[in-house]
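Undergrad: here are the coordinates; sequence isn't available:
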């Protein structure tokens, strides 16, 4: 598939924006004004950008603890996201959820939750509800490789296949669950795609650092779902640069090597795509500078908004805890 210039520039912009927002969070986090854990997706931006480029505003998005990129690529409000990370009343969850609980219904973002695999049955239920109401919404759910070890992963796949639900399952395989590599969690013969196929669900594996490949596979999956053919599974290999939780680098802990880290850093999804587009005459250095300046202005405005926003009042502690 030949992707046109407009789509290529959009994919690059969204990846760059996620990268710059996350780097700003990492820069500001040591100030200790963000009083919640943060799980950064620096190094994994291509998956969020490539998948979300194929979703409509009305489509649902759900995710786990490492969700900033998904939220932003789907169109979530940056000011509200940063305000939420700062615990402010103007946050997308009114300052009560923090980094791991992001909601923006105006962008179709139903929510994110930190419990491993816990969001998968919720997304399956959202797809079931959409189908029962005769809506055309797709539910796209992002999760890490450790989530595929949980029972609700298989239960959700089984139910989605049984009911032919419009749900896209996206596994971001970055090889680690906190500090535990795949080798101590899953047998080397295991193949998630084969397991998914055994339930009658179609799927694909791809390079999660190649945004064009992500875009193409997501387009294929979404087209399949919109035709009423049921759920689809995508698995992308990628790599997080920063520590599991926090703004720092943690190669000194010994659970991964500096050699592996540098190998994956050379496969930076933003840098590789930038070089490719420059080579193909789609992008030039002046345009890159313009993108960066525009994004930086937006980030500065969002940080100022978040820092100057009020904290929730104490009387709000128990509000919104239950549905009316």
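TA: Structure received. Predicted model, so just to flag it, every value in this text is computed and none were measured.

Undergrad: tell me where the chain has helices.
TA: Counting by DSSP state H, the chain has helices at residues 5-28, 45-52, 68-73, 78-85, 119-132, 151-163, 192-197, 211-226, 258-265, 269-279, 285-308.

Undergrad: so how far is the third one from its chain's centroid?
TA: So the one you mean is helix 68-73. How far helix 68-73 lies from its chain's middle: 5 Å, per Cα atoms, centre = their mean, to the nearest Å.

Undergrad: try the second one
TA: Centroid separation between helix 45-52 and its chain, computed with Cα atoms, centre = their mean, is 7 Å.

Undergrad: if we can go back for a sec, now, of the helices of the chain, which is deepest in the fold?
TA: Ranked by mean neighbour count under mean count of other Cβ atoms under 10 Å, these are led by helix 45-52, which reaches a mean of 29. The way it works is simple: take the backbone N, C-alpha and C, and place the C-beta from them, glycine included.

Undergrad: which residues touch that one?
TA: Contacts with helix 45-52, where a contact means Cβ atoms under 8 Å, 6 or more residues apart in numbering, come from 11, 14-15, 18-19, 41, 61, 69-70, 72-75, 140, 142, 168, 170, 172, 208-215, 217-218, 234, 236, 238, 269-270, 273.

Undergrad: picking that back up, turn the helices of the chain into a markdown table, columns for distance to residue 320 and mean pLDDT.
TA: As requested, the helices of the chain are exported to a markdown table (distance: least, Cβ to Cβ, whole Å; pLDDT from 0 to 100):
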| stretch | distance to residue 320 | mean pLDDT |
| --- | --- | --- |
| helix 5-28 | 25 | 98 |
| helix 45-52 | 27 | 98 |
| helix 68-73 | 19 | 98 |
| helix 78-85 | 14 | 98 |
| helix 119-132 | 17 | 98 |
| helix 151-163 | 25 | 98 |
| helix 192-197 | 36 | 97 |
| helix 211-226 | 32 | 98 |
| helix 258-265 | 40 | 96 |
| helix 269-279 | 36 | 97 |
| helix 285-308 | 20 | 98 |
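
Undergrad: can you tell which of the ones you listed is closest to residue 183?
TA: helix 258-265 (12.9 Å; Cβ to Cβ).

Undergrad: list the contacts of the closest one.
TA: Counting by Cβ under 8 Å, 6+ apart, 43, 209, 239, 241, 251 sit against helix 258-265.

Undergrad: quick one: end-to-end distance for stretch 220-231.
TA: For stretch 220-231, the first-to-last residue distance is 12 Å (Cα to Cα, to the nearest Å).

Undergrad: chain neighbours aside, what residue packs nearest to residue 34?
TA: Nearest non-adjacent residue to residue 34, counting by Cβ to Cβ, 6 or more residues apart in numbering: residue 85, 5.1 Å away.

Undergrad: surely that neighbour and residue 99 touch.
TA: Yes - here residue 85 reaches residue 99: they are 5.0 Å apart, a contact under Cβ atoms under 8 Å.

Undergrad: overlap in contacts of these two?
TA: Jointly contacting residue 85 and residue 99 under the rule Cβ under 8 Å, 6+ apart are 34, 36, 38.

Undergrad: now which of those would you call buried?
TA: By neighbour count, with 16 or more other Cβ atoms under 10 Å, the shared contacts of residue 85 and residue 99 hold 34, 38 as buried.

Undergrad: state the distance from the closest residue to residue 214 other than its chain neighbours to residue 134.
TA: Nearest residue to residue 214 in three dimensions, chain neighbours excluded: residue 50, at 2.9 Å (Cβ to Cβ, 6+ apart). Distance, residue 50 to residue 134, by Cβ to Cβ, to the nearest Å: 29 Å.

Undergrad: residue 317 now?
TA: Note on residue 317: its distance to residue 134, by Cβ to Cβ, is 39 Å.

Undergrad: who's more crowded, those two?
TA: Neighbours per residue, other Cβ atoms under 10 Å: of residue 317 and residue 134, the larger number sits with residue 317, 10 against 6.

Undergrad: next, the more buried one: phi, psi?
TA: When read as degrees, to the nearest 10, the backbone of residue 317 gives phi -50, psi -50.

Undergrad: show the pLDDT at it.
TA: The model reports residue 317 with a pLDDT of 84.

Undergrad: please apply the same query to the one 5 residues further on.
TA: The score at residue 322 is 82. That number is its pLDDT.

Undergrad: for it, give me its contacts.
TA: Going by Cβ under 8 Å, 6+ apart, residue 322 touches no other residue.

Undergrad: now do residue 100
TA: For residue 100, the contacting residues are 36, 37, 39, 64, 65, 67, 112, 113, 114, by Cβ under 8 Å, 6+ apart.

Undergrad: residues near the third one, how many?
TA: The criterion is other Cβ under 10 Å. On that basis, residue 39 has 19 neighbouring residues.

Undergrad: model confidence for the closest residue to it other than its chain neighbours, exactly?
TA: Spatial nearest neighbour of residue 39, chain neighbours left out: residue 66 (4.2 Å); criterion: Cβ to Cβ, 6+ apart. pLDDT recorded at residue 66 is 98.
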